[in-house]
Each structure stands twice: as C-alpha cells, then as structure tokens.
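Asks: no FASTA, just this:
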C-alpha cells in the first residue's frame, strides 16, 4: 500500500515529547507525536488545502498552499502564514467561528449580532471583503453581495479540518480579492467515525458527525454539522431574542487511478435561517423587528492531478452559489429582497522541478460570475488570468519571484508582481521578507446595480513585510515577529448624490460607486507558543495603524472604520495528571481589543473590551475504541463584558456550555 502524506498540525495540549530526558528514536518520536496529533484523523494523502500530492516521507513541518498555490513547507516561504488545525479547533470548542479566527495575529472581526449574523474578518486592517476565501479549493465569496465578500457567519467550525491563512497581498498567485490575504479552509475528511454534541446557554445546541472509508482504490468522506440557538437581541437597544439555525454538509473523495494520476471531488451545502433586527418607523433606528433571512450556499469541484515527481499538474472545475432571501412580515409573506450570486471556474495549477533546487510554479484560470436580484436583472462578467513563479530551495535559502496578468471583461487588464525570501540564520531561526501586489475587481453589484458604475477600475495594493520566525506552530516552542505595511489605492466606496445633479451623479439620484479612496495599514504582528512543563500557552498579537489617505477628503488622516490598533489573544491548556482512566485538561482564552471607530468620520466610537473564556475537558481513556470519549465544557465571557464590534449591535454575554466528543 502506498505511503500517504499526513500533515502534523498544532494543538493546544502540551507536548510530552519536550519532557523526555534521553533522545528518542524515530519510531518513539513518531509514536508520541501520533498520540498528540492523532495520526489516524486524516487520510495521509490529503493536504491542508486544494489538492492531494504523493510524497515518500511523513513531513514534520507545517504545509501551506496559500503561499504558492501548491503545497510547500511554511518555512520555505517568506510570507506570513498561520495554520490552525483540527486539534486546536476542538480545544477551543463551540460553534462560533470568530473564537477560532481571533487566534491568528492580525485578524479582527466585526459582527452584526450573535453567531450566524454577518461576520467580517479584517486582516492587517484590510476591508473584510478584501480577503480571498476558499473552501476545499473553491472560491466562496458571494458575487451578489455589494462588495462580494464571504460571510463567516455561515461557516460552522464542526465541519472544518484546517484553516490555512496567509496575511498579505498575493494576487500574483490568486488573482482578484487577495489584497488583505488568502484563507484556505479544508473541510473534514477522516476515516472511521467521529462526532460531538453540545448544549448550553440561550437554548443552544451543536451536533457534528464526520467519517469516511479509505482503501487502495481511494477515499471518500462526509462531514455534517447542525447548530441552533434562541440567541439574543441583535440590536443592543432591543429585548426580543433573535435566533439562528444552520445545517451544513460537506463531502470529499479521491480515486487513485494509477501510481501518478488521481481524480478528486468535493462538495458543500449549507443552509441557515437567521432572525435579524431592522430600522422600524417612526424612529428608524436599529431595534427589534420580526425580519428574518434565509441563506443557501452550494459549492463543488471536480478535477484530476498527475504527479510524476519532477512535474505536478492539477486541473479543476468548480462552482459556487449563494442565495439569500430577506423577509419582513410587516409587509407581507413575500421576500422583500432576494439575491443569487453564482460563479463557475476552471483552473490549472502546476509545479515543475527541472533541476535540483530550482522550481517553477505556474497556472491559469477563468471565472464567470453572475448576479441576479429582485431589483436587478441578471448580469454577468468574466475574468481570466495566468501566472508564473520561479523559485529556488537551496540549503538555507528559499525564494520565489512571480508575475501574473489578468484580463477582465469590463475594466481590461491587471498585472501583479510578487517576491519572497526565507533565509535560515541559525537552526530553526529564519529571516523572512516578502513584497506582493494585490487587486480586487469591481463587483457585479458595484458595476450593474441601481447604484452601479460601469467605469470602475480595480482596487490595488502593494504590501511589504519583514520578520523573524523561530520554528513553527506545530512545535512545542515557537515564536515570530513580523513588521508589515500595505498601501492601497483606487478603493471603491459609495458616493452620495444627495443634492448633486451633475458629473457622476447624472441619472443616479441616490448615489453611486466610484474609485475615490487611498489607505495605508502598517504595524507589527507577534505570534508565540511555549510548553511549560505539561502546560502549553499561545500568544497572537498585532498592532495595526490604519489610515485614510484620500487626498482632499473630509476623512483624510482618520483611522479606518472598525480597525482597532491593538488586538491580542492569549490562550493556554494545562493537562492535569492522569487519574486511572481519566485525563483532565483545563484551558483559557483571553482576548483584548482596543477601541476604534465605527465610521469613516471617526465620530462613532467603539470601546475597547476584554473577554475571558474558561474551558475544561475530561478524556475517558481505554474504553475499547481508538479514540477516547471526551466530556468538555466552557464558560464564555466569564466577566459578562458588554461590548460591540459594530455600533448598535449586541454581542453575547456570559454563556455556559457542555458536551461530549466520541470516535470509533
């Protein structure tokens, strides 16, 4: 039977390997790492991203696909990458994706209410819609949304195996949307059967199941999740609870057609029903209403890959569709607003190693997107691009230099450059540097809606970062510091036409979109972890200074909206001594976010806040299965902190939750 690639990932439980006095043999080391990282949890052919690749040896480093489009070790890129794996997701507990994403440095979140409400993730001060999000290699941004971004409120952590996050502009590899960064999410695909169930405050219930079978012919797996909660009032001024219910199902499969050729497929379906608050008359301020929103998401991909050793090539077709319907019973049973955003995409990616340490990554893709609402007739556009990136991995040095060109049916061409280098100064200590350009095509809504402007140009950015990294997140001790800056121009914003009848406002009495803004974000990120005896702690911190640099505007020099300067998460896990068949673990998460403003004019403040979550687990060992039965519980927002991430929208108070995980 062939050997399979398996990615050893970071966990929030201390590594007993660090406590050994004598050097371990390779077999002993592998055995202990498997106890920590659960070597049977994933098919060993699968990687942390978009494609399966065959290799000979089990790697002991983290693998990323966000840096070059094909799998490489994190240490071989000069770009800033954070990988959060399944073990850490389980340690955090719960159905709130925000509690997981905030463990990555440089990431801040804003949400219009409780779990399920619109959730935007800003990376290094970029707009939430300026991050490219992929699920199993499929772009999942909503083409019908005004800014075309992805709503993280529609994503259940229970179906996720891994989050691979690149922080910084990288349109050289990924094309449009990759201004703030790239987030590749891999859904679960594991042999056997695992599951969990949790119940807690606000009548909240979460259930997940994941399983699959693997053989010489291939692998197929399914993962599903269900979440429901009575919630609380999304409006800070309201009293009526706004509930949320979501179901998600994902599937992945691989067929081994020969020693070098594989076919692969994936699919995802998610549906959610969310109670929302609005702006009722006569005050027209945010308050309780009976409005609700239904969301349906579909995505799938199908492809082939061939790996001959020196040459790896993968071809894929994928599609994604997001349907939304908003209802206000005060105006009848028919939806007041409906939208359908759809994309079809074909792409080819590859890597060629002609001689020794030299490599060439290459690729091309074409995407067709469409938008349709009950106010806007169906509109379509097309974008196609190709890239080439030369690289070298020789001794202590790894570097890449690439160029890309895209052609858009509306605005013409866009060219992007990027380069990075990683140099090992000493054992496990690397100097990293990168420069990357990014662009984001105008959305269909910005081009063709009632507020549209067909003359829009793409948003553009140039980003730099320089840092030091000691080891990586998969190891008991690691640390890194990165300084960064990103300059953006031609940013698209809504322009009011109130009282204006000429120029761009002709025929647009309510306003339109235009390329009017410039911005700069700069700062420092720190990421560290340490095994202190049996305990393990992690820190993620970022200082981000984001400034509006739009010349001559009333907001020039202001801080960008919803961009706190300081954001830090400190987490820890302490496995207590095993008692009989019981292994208890205690954990905590502390999140601090400094104050910011909710508006571009810096007149609506958002106060700083400090959140404390406490966690506990009790593993029941030796019950006859390969995996222990785990009882877990947590208290979220222990101190009952009253805070907002978007003005007027409430956030959860203290909550108590408990559940069980099992596996066969």
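Replies: Yes, it's here. Computed from a prediction, not measured in an experiment: that's the story for all the values here.
Asks: Give me the neighbour count for residue 325.
Replies: Close neighbours of residue 325, defined as other CB atoms under 10 Å, add up to 17. From N, CA and C alone the C-beta is placed, and that goes for glycine too.
Asks: roughly how far apart are it and residue 294?
Replies: For residue 325, the distance to residue 294 (CB to CB, to the nearest Å) stands at 5 Å.
Asks: Looking at this structure, which strand is longest?
Replies: In the chain, taking DSSP state E as the definition, the longest strand is strand 512-532.
Asks: taking the mean pLDDT, what do you get for that one?
Replies: For strand 512-532, mean pLDDT rounds to 95.
Asks: now stretch 635-647
Replies: On average, the pLDDT along stretch 635-647 is 97.
Asks: same question, stretch 359-370
Replies: Here the average pLDDT along stretch 359-370 is 96.
Asks: And it, how far out from the chain middle?
Replies: Centre-to-centre, stretch 359-370 and its host chain are 21 Å apart (CA atoms, centre = their mean, to the nearest Å).
Asks: do stretch 92-109 as well
Replies: For stretch 92-109, the distance to the chain centre is 9 Å (CA atoms, centre = their mean).
Asks: what do you get for stretch 591-599?
Replies: The answer for stretch 591-599 is 21 Å, by CA atoms, centre = their mean.
Asks: Pull out the buried positions in it.
Replies: Neighbour counts over stretch 591-599 (16 or more other CB atoms under 10 Å) mark 591, 592, 593, 594, 596, 597, 598 as buried.
Asks: what pLDDT does the first one get?
Replies: At residue 591, the pLDDT value in this model is 98.
Asks: Skip the chain neighbours and tell me the closest residue to it.
Replies: Distance criterion CB to CB, 6 or more residues apart in numbering; nearest residue to residue 591, sequence neighbours excluded, is residue 611 at 4.4 Å.
Asks: list the contacts for the one you found?
Replies: Contacts were defined as CB atoms under 8 Å, 6 or more residues apart in numbering; by that measure residue 611 touches 589, 590, 591, 592, 636, 637, 639, 641, 643.
Asks: which of those residues count as buried?
Replies: In the contacts of residue 611, the ones that pass as buried (16+ other CB under 10 Å) are 589, 590, 591, 592, 636, 637, 641, 643.
Asks: Just the ones of those residues in strands?
Replies: Checking the buried ones among the contacts of residue 611 against DSSP E, those in strands are 589, 590, 591, 592, 636.
Asks: Looking at the residues you listed, spot the one nearest residue 306.
Replies: residue 589 (43.5 Å; CB to CB).
Asks: just checking, that closest one touches residue 610?
Replies: No. Using CB atoms under 8 Å as the test, residue 589 is too far from residue 610 to be in contact (11.4 Å).
Asks: Note down every partner strand of the one helix or strand the residue nearest to residue 591 maps to and its orientation.
Replies: According to DSSP states H and E, residue 611 maps onto strand 609-620. Strand 609-620 has its sheet partners listed here by DSSP bridges as strand 582-593 (antiparallel), strand 629-636 (antiparallel).
Asks: Show residues contacting the last one.
Replies: Think strand 629-636. 93-94, 99, 198, 611, 613-620, 623, 652, 654-662.
Asks: Low-confidence stretches in the stretch 251-400 of the chain?
Replies: For the stretch 251-400 of the chain, no stretch is flagged by pLDDT under 70.
Asks: check contacts around residue 352.
Replies: 310, 311, 312, 359, 360, 362.
Asks: repeat for residue 315
Replies: 303, 304, 305, 346, 347, 348.
Asks: Please apply the same query to residue 436.
Replies: 79, 168-172, 416-420, 462-463.
Asks: so where does the residue most central in space within the chain fall, helix or strand?
Replies: In the chain, the residue lying closest to the centroid (CA atoms, centre = their mean) is residue 183, at 4.2 Å. Here residue 183 is covered by strand 181-187, with elements defined by DSSP H and E.
Asks: again, but for residue 88
Replies: helix 86-92.
Asks: Buried ones only from the contacts of strand 629-636, please, as a ChimeraX command.
Replies: Selection of buried members from the contacts of strand 629-636 for ChimeraX, criterion 16+ other CB under 10 Å:
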select :93,94,99,198,611,613,615,616,617,618,619,652,655,657,659,660,661,662
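Asks: just the buried members of the contacts of residue 436?
Replies: Using 16+ other CB under 10 Å, the buried members of the contacts of residue 436 are 79, 168, 169, 170, 171, 172, 416, 418, 419, 420, 462, 463.
Asks: And the second one, what's its pLDDT?
Replies: Translated: residue 168. 95.
Asks: what's it in contact with, if anything?
Replies: 79, 80, 124, 181, 434, 436, 463, 465, 484, 486.
Asks: and of those residues, the nearest to residue 406?
Replies: residue 436 (14.8 Å).
Asks: about what we covered before: strands paired with the longest strand of the chain, and their directions?
Replies: Here, using DSSP bridges, strand 512-532 pairs with strand 478-495 (antiparallel), strand 535-548 (antiparallel).
Asks: Would you mark the buried spots in the shortest one?
Replies: Yep, that's strand 535-548 we're talking about. 535-544, 546-548.
Asks: Toward the C-terminus, what is the element adjacent to that strand?
Replies: With DSSP H and E, the next secondary element past strand 535-548 is strand 566-575.
Asks: any chance you could map the helices in the protein?
Replies: Assigned by DSSP state H, the helices in the chain fall at 26-37, 86-92, 98-101, 171-174, 444-448.
Asks: and the second one, how far out from the chain's middle?
Replies: When distances are taken as CA atoms, centre = their mean, helix 86-92 is centred 15 Å away from the chain's centroid.
Asks: and that helix, what other elements does it pack with?
Replies: helix 98-101, strand 160-167, strand 609-620 (3 or more CB pairs under 8 Å, 6 or more residues apart in numbering; DSSP states H and E).
Asks: Report the inter-axis angle for the last one versus strand 566-575.
Replies: Regarding strand 609-620 and strand 566-575, their directions subtend 20 degrees when assessed with axes from the mean of the first three to the mean of the last three CA atoms, to 10 degrees.
Asks: quick check: mean pLDDT across strand 609-620?
Replies: Mean predicted confidence for strand 609-620 is 96.
Asks: centre of the chain versus that strand, how much separation?
Replies: 23 Å.
Asks: what does stretch 141-148 give?
Replies: 16 Å.
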